[in-house]
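K.L.:
Show me how the following folds:
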Amino acid sequence: MPGASSQKPLVRQQYNDIATLYDMLAEGDDGMIWFRHNLEGILRKMPGDAKVLDCSCGTGDQAIWLAQQGFDVHASDISDGMLEIAVQKAVKAGVEIAFFRSSWAALPEKTHETFNLVVAPGNSLSHLENISVIDDVFNSVRKVLKPTGWFFFDIRNWEKTLKEDNLELQEFNVSGQDGIYNVIYSYDMPAMNETGRMHVDIRAEREKEYKRYSFDFMPVSYRQFHDAALRAGFKNTKRRYFPGKDYYCMILS
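P.N.:
Next up is the predicted model:
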């Protein structure tokens with residue numbers, strides 16, 4: 001893969017493994033609603049033919065929503081499996097999106113476009129390989145933005161999460177195309193800037209055994225994001241909390 005790595009190589013395979021189940025697990029996610037709510041102010045300021053890049057598009061929900069608003073949308077992800085589903089959903093939704101696979105650091109090599117807006121939804125920047133690559137990520141995003149463009153992302157409030165130790169085991173049922181699934185989330189919690197792991201154990205109603213999917217993550221502080229943005233040449237940074245302050249979005253320009 002061209003360019004310096006900015007996401008753990010294992011993350012690509014981790015999301016490939018769960019791609020076909022991802023939408024089932026994400027059903028009803030309030031984070032998607034608050035992401036769009038906080039983004040709408042920026043969208044109103046952009047021209048109708050603005051170019052938008054979703055640089056962690058997953059299975060495509062946010063990219064499809066942006067295309068439905070009339071924007072010229074491009075979308076990338078590190079996971080081939082997630083992209084394959086995103087392409088299928090875009091076709092079904094009747095929207096045209098230019099999909100491509102890329103890490104964040106490789107974006108300037110993978111696209112020759114420049115964008116009015118780059119978004120990174122879904123707490124995706126928690127998958128940085130390590131804290132030393134944060135400058136590569138912000139510099140790469142800055143290179144693919146127009147001079148007056150915005151970078152918008154949401155992230156877990158890791159300072160609050162680590163202080164309160166509030167990522168607890170969760171168990172719930174979800175409905176899939178072929179029945180009910182029991183799901184258990186558990187966490188190996190790290191310190192700030194160290195690698196942790198989220199485990200997702202899934203068992204179909206008709207099965208006896210759970211199948212485990214695991215995902216690496218790394219807590220990063222607001223100050224580290226803020227300072228990396230300034231080093232990359234962003235002049236303005238804003239933070240807006242989601243309800244409960246467990247997540248926030250950052251708006252960089």
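K.L.:
quick one, strands of the stretch 1-150 of the chain?
P.N.:
Per DSSP state E, counting those that start in this stretch, the stretch 1-150 of the chain carries strands over the ranges 51-54, 72-77, 97-101, 115-120, 145-156.
K.L.:
List the contacts of the first one.
P.N.:
In other words, strand 51-54. 62-63, 66, 71-76, 107, 111, 113-121, 144 (CB atoms under 8 Å, 6 or more residues apart in numbering). In short, each C-beta sits where N, CA and C put it, glycine included.
K.L.:
Same check on the third one?
P.N.:
For strand 97-101, contacts defined as CB under 8 Å, 6+ apart pick out 57, 60, 63-64, 67, 73-80, 83, 86-87, 90, 110-111.
K.L.:
how much does the lengthiest helix in the chain deviate in direction from strand 72-77?
P.N.:
What stands out as the longest helix in the chain, according to DSSP state H, is helix 9-26. Interaxial angle, helix 9-26 versus strand 72-77 (axes from the mean of the first three to the mean of the last three CA atoms, to 10 degrees): 120 degrees.
K.L.:
what's helix 9-26 packed up against?
P.N.:
Packed against helix 9-26 by the contact rule (3 or more CB pairs under 8 Å, 6 or more residues apart in numbering; DSSP states H and E) you find helix 80-93, strand 170-176, strand 179-188, strand 196-204, strand 211-217.
K.L.:
of the contacts of strand 51-54, buried ones?
P.N.:
Buried subset of the contacts of strand 51-54 (neighbour count, 16 or more other CB atoms under 10 Å): 62-63, 66, 71-76, 107, 111, 115-121, 144.
K.L.:
Val119: what's it in contact with?
P.N.:
39, 52-55, 62, 66, 151-153.
K.L.:
PyMOL command for the buried members of these?
P.N.:
Those of the contacts of Val119 that count as buried under 16+ other CB under 10 Å are selected in PyMOL with:
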select buried, resi 39+52+53+54+55+62+66+151+152+153
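K.L.:
Quick one: the contacts of Val119 as CSV, columns for pLDDT too.
P.N.:
Below are these laid out as CSV (pLDDT from 0 to 100):
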residue, pLDDT
Leu39, 96
Val52, 98
Leu53, 98
Asp54, 98
Cys55, 98
Gln62, 97
Leu66, 98
Phe151, 98
Phe152, 98
Phe153, 98
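K.L.:
ok, now which ones touch the residue lying closest to Glu84 once chain neighbours are set aside?
P.N.:
What sits nearest to Glu84 in space, not counting adjacent residues and going by CB to CB, 6 or more residues apart in numbering, is Ala19, at 7.1 Å. For Ala19, the contact set (CB under 8 Å, 6+ apart) comprises 59, 79, 81-82, 84-85.
K.L.:
which residues of the protein score low on pLDDT?
P.N.:
1-9 (pLDDT under 70).
K.L.:
Now do the buried residues in stretch 147-163.
P.N.:
Of the residues in stretch 147-163, 149-158, 161-162 count as buried by neighbour count, 16+ other CB under 10 Å.
K.L.:
again with stretch 169-186
P.N.:
For stretch 169-186, a neighbour-count test (16+ other CB under 10 Å) marks 176, 181, 183, 186 as buried.
K.L.:
what's the answer for stretch 98-108, then?
P.N.:
Buried residues in stretch 98-108 (16+ other CB under 10 Å): 99, 102-108.
K.L.:
Geometric centre of the chain: which residue is closest?
P.N.:
In the chain, the residue lying closest to the centroid (CA atoms, centre = their mean) is Ser124, at 3.1 Å.
K.L.:
How about the contacts made by that one?
P.N.:
56, 58, 153.
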